[in-house]
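Trainee: All I have is the shape, not the residue letters:
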């Protein structure tokens, strides 16, 4: 019983390790593990396996089983390849994307059908027009709330955080996947101005995570964290790629919105998966007879010979600059709405009670305003998002061109035509209304993105400028003999790319529009507009995703702005925390207790001594806690008691848990006597893993993670066969983890023995224990925590933090620990100096730099102290704190 | 005189520092410096400046001057912005590109004209056809050889190396720029199958380097190395962008071929500059009336409605796979030719003497074979590269489609038509001949790239497949009512992208072809073919650029291949060098001498003591040498002598160099006595820099780089005014660098005094000096060299090395130095395990891992030793090497 719960705890500990903050080291560990498992799979021919299993299934279909096993083995050997994973991911996501598109189209069709069928009664029509989306959105919000609240919103901010190495719980689970897919389908089916691109990035990532978990049933290849991160990055590309059938734009967009540093060696993964996914997605459309062949999603047919004139470029530049301001305004508006909703206590309290009221209310307002016979007639209200885009990218010119060629609005184009006003009014109303509607709609707690609504608004704005130009120059600008009319559709393309680029702070929207429209002839206008829009928007507001990250208070590292040279003057010494807790090698358990009380850092530095402060490594807070609880554990107390009171009784007790306990104590004793313990005979390698002992794996990894792969492998054997080595495993896990994760649930017998001590005695014993020196031999110490020096510039620190995905770094000076910088300090420093733009804002400490001694001398002094100490042949100076250590952190 | 040469040396030392290996730290330093200078420029209104200068020019045009100065000041404040630099770079490169294109076109036109004019006599025609390119290539080769041999070849391999942080001398100078531009123009003007894209990357980088050097005349902003690297990365994008008028493809291609990790925050720079450059480049064409408006370089006019059928995809896949093999073969062939030329001693010796013979010979062979009336008629010999591409991307189908529609070859298309054979034969001959010709031609020592020739071959191959398909399915594949004929031009586009992608190992050639042709309708076939080609080529050969890097033996770090999981099992401890020299804090000068003799490392680790081996920092080899030479310098000897023999004589000598010497000795004395020296009164801040003393810069950076910015600023004052503080500067530089870079040229007086000692006395004195303990107070110590731990996997090590551009890293175990890994070891390890693909190749040491103690225990043992040592309260155990340190590096 006890050993089972130990094993359980061992697994939990394992999981804590896997999902802990030491992503990098664990990544390494996971890789080792994966390689080891793969070696065992790949190198050894494993002739025994089928025969072993045949013993269980001697009966009917033995050859059948052998064949199945061989197939399985072949699959296992292939499943480890990256490309298999990427193809599967692309396939699944293409199917999901297509199925969702189909469902959304059906939903929208149903609304149109209802609306069309009730054209005899305007009130009934209105009821149908309004009720349908309200029900869908309310369902979506409720469903998401109940199943997985993590599915709400875009998902790109969360993916950016996850790709930084931070683990967000429950964000990549099956529950969230289901909630997001169904919620998004309903939300988009309602016809609200919502997008699917952000959620698709999230869905693809969840798909990748689930797929890798599924594939890891066939082997341990996918338990490698670093590889999973690479796969998640590819998945983000797939998400955008199969949403827009834009593989290149998808890859670039996902890089821009989720990464700060991108490994070119992962590049092909994204391209491969996104291309495959986009291909399947479009093939499904052909197969469904929607299309004759594979073409772009919003195909345009602009003339190739003379797409635009050079003299039109200023108009494109105007679109870019205006889109920049518009994009910044959108982000600002979106944030303000969220903040307003949060701040208004009364509204907030009311809405918290009736969570579904807010979505319903917003939907009601928006759908009322778009009701086609009502206000919707002035803003093309009956068009779906897709239809709107198709009409906006239309090849023809809508504005009157002289009197002779009055344009005939045919088909869905008619929506833009109002008998009592002209197309300019419709476009302006459309832009203004959609702008706030989109900003409002994206705050609804359903799975939704903002890319597509913004894209549509941008296209409308571009169209507006284009139509104006066409009205202004009815015969085109070109001065030569040929008349090249102005193409307002091209302006719409430029506007769409510029506004979406401004909101998301990306340049790759340019590539997305080329792939969406299937034409690249407007490349220069698009590039110019996108770059100008980015320049304006980036100097005014953070990107929409960064804005959401800040609202959601996710851990993040702000980007250094464009050419903020003043950053170069801030150094680590200005921003670091000097007053940090630490653990010394020769400290007592009481000191550990004190440090745990005084600091909240997740990882504590381990220094040689309080006097030298030479940094040796870092130790996790949990480990320190474990050391302490191990020292004060009832078991140890019992042991002491037993050794003191009943020296012969201890030998009588021979159940395993006590034996391990003695073993633990012996190790402890060894540590005390100061000589290394002999190789432990209590550390056998788990039975099923040790089929090939020469596979070059040290014992530790096998022991650190003893149960999971072994049990996974067992699953093909019949359930009634006893799990041969599981008791043994539990024992090993217990043995291995004993010291660090000491048993806090003593066995019954021990409890009885323990009860013999009075509380006063226990207290006394504990006080006595606390005064002992700490034995670090069982603690997991990170031997190379990341170090900076005091003079490292903020710019460089930022680069290193974002390159390596660090959470904190210790600051050392010639090996001596002098401080610590964490993400928080860095963030403060960057944002602090960002606030005052024109004025040079210097952190408070920077101004002292001039007056203090020059840095060379500081370095030299530190060095000389050390050197000096050596000259005096290690004079024992333990007691005194030493007047020369003026910035010694507290903690002891 | 002496002080002048000291100043000179100080400057040289400065330059060594700037171009040393500590790129990162120096980058930081440079940033600080730039920020400081900018602060002084920007914050202080500097009212005195014009009036100061007016004193010199009281005469005629004082208001004029004031105005000019104000303009200058405005310019200076703007010149620091990134976008100004990028616009200038884009503009210059567009002009260069356009001018070169113009010159090349003229050259080719001249050849055609000569060839056409002599059509009466075939022999004369042949002479003209052959002589013209031979002369041009020979001139190009000779010119480049004489002016700057660094200009030879592509330039992308070198840029990749430079962007990794390695400094290649003379690669970014004006001389190389001139040589490359003129050499490339001549080489391409000859009509040989050579490309301009690789050289353009190099040219753009040189342009950026020169521009930043030019702009730094206006201020110190461009002396920042990290920023220069960012600008170089943008320049690479500009190079490709303005060569093909392909901004997006240019950015992506340059990222793929030059970076391993890409900072997304630099992304916009590339896009901005490349777009601007491509825009200007195309505007120049419009301005020159070549084009009516801005369009693609090789505009295609494929139909938009039905670009290709789904059933044609296998053919595209075949193109991709075949291109993959072809690309690998091209790289292999190219390398073999170079290696063959090198190995053949006799040929080599002969060619070394007559350097221009090889280019002339190759040109002669190639031009003879392409002579249009000769063999050239079977391979469209008279077409230039550009014409070839235009014809290959042609919209029509060349192959006979039934009997009815015999295709009329019009204009330049006629070249592909041979009366006695068909177009298939011409295409096959063209592909085969051009293949080896291009591989051979790119080995000629002229500035040339291989991208364009490969691109043309790929297009021809694609056309061949397309024509075959068109002949096979004369009425298209599509089964519906409409007849959609096959478009062989589309196949040509796919083939071009696939083969160039295979040779360069890039995916972005896909984007380049879209931008080159102005059509994106074939996106899926192109992507599929490029990905397949990459998959095949990458598994067979390195990319062309990596191949050249290996041939040229440039420092590089091989990429980890696709999914080489066995890498995960190799660890740092298997590949690290354990036997490294080191410097201890309490070592003697004799030890320094010994270390310098025993090791060749550029940077030595500094450890606390040989016993503890705790790593404190690293010290450059040059610094160790300086310490040693300073200790044994004649000056110190003289000083000792003087203090001993003539105690009153020393006071009499009061020239500056002796005074500083005394000062140096005092510092030394301070160090010996073990207490920090008082703030030095001998360290004034240079006069011209100290206009704003509150600008927050510690004294050290100002002193480290005292001369350059100050002197640069002086240049606007009249040349006859005496450089006010220069003598003072020299003094400061001398003072500052005295200890580290001790005077090796004693003044005459000192020489005379020194001569009084006999060689035996000198030797005795030196021996005595060598036994003293080293004073590190004056040495420049890198306090945080990069550290790894023994268990770091090869994969992670590779990531860290390529992320941070490291050259070496120390391996530590709980603070103790245990080894070192440099680029060399890493390269060996990666390539070692790459050789045997199927078999698991493990480095020799890995097999010992299983038998040795488990890694946890090793860690614990080390920790316990340290801990144990502390328990014994610093018992002096200096002498014994300690049996427990079994892997202590030698060196003492």
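Mentor: On my side now, so go ahead. Keep in mind that what you see is a predicted model, and the values were worked out from it rather than measured. Numbers count the residues shown, from 1 in each chain, chains lettered A, B, ... in the order given.
Trainee: Closest residue of the stretch 351-500 of chain A to chain B?
Mentor: residue A:480 (7.0 Å; Cβ to the nearest Cβ). All C-beta atoms are positioned from the backbone trio N, CA, C, and that covers glycine.
Trainee: and that residue, how far is that from residue B:291?
Mentor: From residue A:480 across to residue B:291, the span is 12 Å (Cβ to Cβ, to the nearest Å).
Trainee: which of these two has more neighbours?
Mentor: Per other Cβ atoms under 10 Å in any protein chain shown, whichever of residue A:480 and residue B:291 has more neighbours is residue B:291, with 16 against 10.
Trainee: and that one, how far is that from chain A?
Mentor: Distance check for residue B:291 against chain A: by Cβ to the nearest Cβ, to the nearest Å, it reads 10 Å.
Trainee: Contacts only, for that residue.
Mentor: When contacts are counted by Cβ atoms under 8 Å, 6 or more residues apart in numbering or on different chains, residue B:291 touches B:282, B:285.
Trainee: Check the average confidence over stretch A:830-845, would you?
Mentor: Stretch A:830-845 carries an average pLDDT of 43.
Trainee: do stretch A:614-634 as well
Mentor: 81.
Trainee: cool, and stretch A:372-379?
Mentor: 84.
Trainee: Tell me the buried residues in it?
Mentor: A:372, A:376-379 (16 or more other Cβ atoms under 10 Å in any protein chain shown).
Trainee: ok, and what's touching it?
Mentor: Contacts for stretch A:372-379 (Cβ under 8 Å, 6+ apart): A:115, A:122, A:125-126, A:129, A:368-370, A:381-382, A:418, A:421, A:425-426, A:429-430, A:433-434.
Trainee: buried subset of these?
Mentor: The neighbour count (16+ other Cβ under 10 Å) marks A:115, A:125-126, A:129, A:370, A:381-382, A:418, A:426, A:429-430, A:433-434 as buried among those.
Trainee: Mind picking the lowest-pLDDT entry from those?
Mentor: residue A:418 (77).
Trainee: That one reaches residue A:424, doesn't it?
Mentor: No: using Cβ atoms under 8 Å, residue A:418 is not in contact with residue A:424; the gap is 10.7 Å.
Trainee: what's the angle from the strand or helix carrying residue A:516 to helix B:509-517?
Mentor: Secondary structure assigned from DSSP states H and E places residue A:516 in helix A:509-517. With axes from the mean of the first three to the mean of the last three Cα atoms, to 10 degrees defining the directions, helix A:509-517 sits at 80 degrees from helix B:509-517.
Trainee: and helix A:509-517, does that touch chain B?
Mentor: Yes: contact of helix A:509-517 with chain B (Cβ under 8 Å from any Cβ of the partner chain) involves A:510-511, A:514-515.
Trainee: C-terminal to that helix, which secondary structure element comes first?
Mentor: Assigned by DSSP H and E, the successor of helix A:509-517 is helix A:523-540.
Trainee: So which of the buried ones among the contacts of stretch A:372-379 belong to helices?
Mentor: A:115, A:125-126, A:129, A:370, A:426, A:429-430, A:433-434 (DSSP state H).
Trainee: From those residues, list the ones also adjacent to chain B.
Mentor: Of those, not one also sits near chain B (Cβ under 8 Å from any Cβ).
Trainee: count of neighbours near the nearest residue to residue A:491 once chain neighbours are set aside?
Mentor: Of all residues not flanking residue A:491 in the chain, residue A:466 sits nearest, at 2.9 Å (Cβ to Cβ, 6 or more residues apart in numbering or on different chains). Close neighbours of residue A:466, defined as other Cβ under 10 Å, add up to 29.
Trainee: Wait, residue A:466 touches residue A:485, no?
Mentor: No: counting by Cβ under 8 Å, residue A:466 does not reach residue A:485; the two are 11.0 Å apart.
Trainee: Run a quick neighbour tally on residue A:758.
Mentor: 9.
Trainee: What distance do you get for it to residue A:617?
Mentor: 40 Å.
Trainee: What residue in the stretch 151-300 of chain A comes nearest to chain B?
Mentor: For the stretch 151-300 of chain A, Cβ to the nearest Cβ, closest residue to chain B: residue A:275, 4.4 Å.
Trainee: secondary structure element for that residue?
Mentor: Secondary structure (DSSP H and E) places residue A:275 in helix A:267-287.
Trainee: Any buried residues in that helix, and which?
Mentor: Neighbour-count burial for helix A:267-287 [16+ other Cβ under 10 Å]: A:267-285.
Trainee: repeat for stretch A:110-126
Mentor: Buried residues in stretch A:110-126 (16+ other Cβ under 10 Å): A:111, A:114-115, A:118, A:125-126.
Trainee: can those go into a markdown table with extra columns for distance to residue A:828?
Mentor: Output for the buried residues of stretch A:110-126, formatted as a markdown table (distance: Cβ to Cβ, whole Å):
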| residue | distance to residue A:828 |
| --- | --- |
| A:111 | 49 |
| A:114 | 54 |
| A:115 | 53 |
| A:118 | 58 |
| A:125 | 56 |
| A:126 | 52 |
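Trainee: was I right about residue A:160 contacting residue A:256?
Mentor: No: assessed by Cβ under 8 Å, residue A:160 is found out of contact with residue A:256, at 10.4 Å.
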